[in-house]
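# Sequence first, predicted model second:
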Amino acid sequence: MGNTTVRRATGAALGALLLVGATACGGSDRADKETGVPAPRTGAPSAQGAPTPVPPAAPGPGADRLKALALAAGETTGPYQAGEPVLDEPINESYEVTPAVCAPLTSLGKAGHTAQAYAHTSVPGELTGVGTDILLRSYKDGTAADAALKSLAAAGKSCAGGYTEDRMLAEGKVLKVEAVQAPKLGDEALAYRIVVQDVKEKNLSLYKYLTVIRSGAVTLSFRSDILDIKDFGAVPPEVVTAQWEKFAKGSGASS
């Protein structure tokens, strides 16, 4: 019922599963002690606050370097393990959104990145475990990457009451968008919880989470969902931390 289904599908089943693909994003509105996601540091940006001024920055790294900085197949953190994604990028990257201002909540793919790398984590052997799509994206400079975050923040405010996704073979309804606690990492970070209407069972709601971190001219986005109707609370903090630490160590970024 979510794009988690698409990722776990075999190639033969992929076409059929596009009918019920659902993409949305968010973060967690629980307190730190419940989610494990750290609160923003004093003066740090959050979904509700203004980011720090963006100094000039060198262009982000190319695709090969980004791939080396992303979690690789077989790497583990807590119960989660990175695997080889089924597609070149998450299926939601091809969705159209109405109204257009809400598009960054589904995909930042039109925000002008110059290179990207895609990773995916899941719980091995657990069909209903939380799956997370990770996208590392480079921009021409820090200002361009900051503009991508600004478009996401604008979408979060304008689209709190929901929006519509055209998922190629089905229409999806996002019912609610909430800005929630963002991690205290990078130059700025945003996080959202999005409630999505199930494609088949209209009375059922699904929960999706999105966290996006900017570091210089690079953004790291985490989109989590689950093959279940329960609200699982947040992008897994173990996944965010593991990916950030690998990226920071390889790029020299500071938190």
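Everything's here; your move. Since the model is a prediction, treat every value here as computed from it, not as a measurement.

# Okay, now the unreliable bits of the stretch 101-250 of the chain?
Within the stretch 101-250 of the chain, no range satisfies pLDDT under 70.

# Helices of that one, residue ranges please.
103-106, 142-158, 237-251 (DSSP state H, counting those that start in this stretch).

# What is the neighbour count of Ala148?
Counted with other C-beta atoms under 10 Å, residues neighbouring Ala148 total 21. In short, each C-beta sits where N, CA and C put it, glycine included.

# which residues does the residue nearest to it when sequence neighbours are not counted contact?
Computed as C-beta to C-beta, 6 or more residues apart in numbering, the closest residue to Ala148 that is not its neighbour in sequence is Ala111, at 3.8 Å. By C-beta atoms under 8 Å, 6 or more residues apart in numbering, the residues touching Ala111 are Pro104, Arg137, Tyr139, Ala147, Ala148, Ser151.

# which of those residues count as buried?
Among these, those classed as buried by 16 or more other C-beta atoms under 10 Å are Pro104, Arg137, Tyr139, Ala148, Ser151.

# Let me know the distance separating the first one from Ser122.
Applying C-beta to C-beta, to the nearest Å, one obtains 25 Å for the distance of Pro104 from Ser122.

# Which residue comes closest to Pro59 once chain neighbours are left out?
Closest to Pro59 by C-beta to C-beta, 6+ apart is Lys140, at 5.4 Å.

# right, I mislabeled it, should have said Thr114
In space, and not counting its chain neighbours, Thr114 is closest to Ser138: 5.1 Å by C-beta to C-beta, 6+ apart.

# No further questions, thank you.
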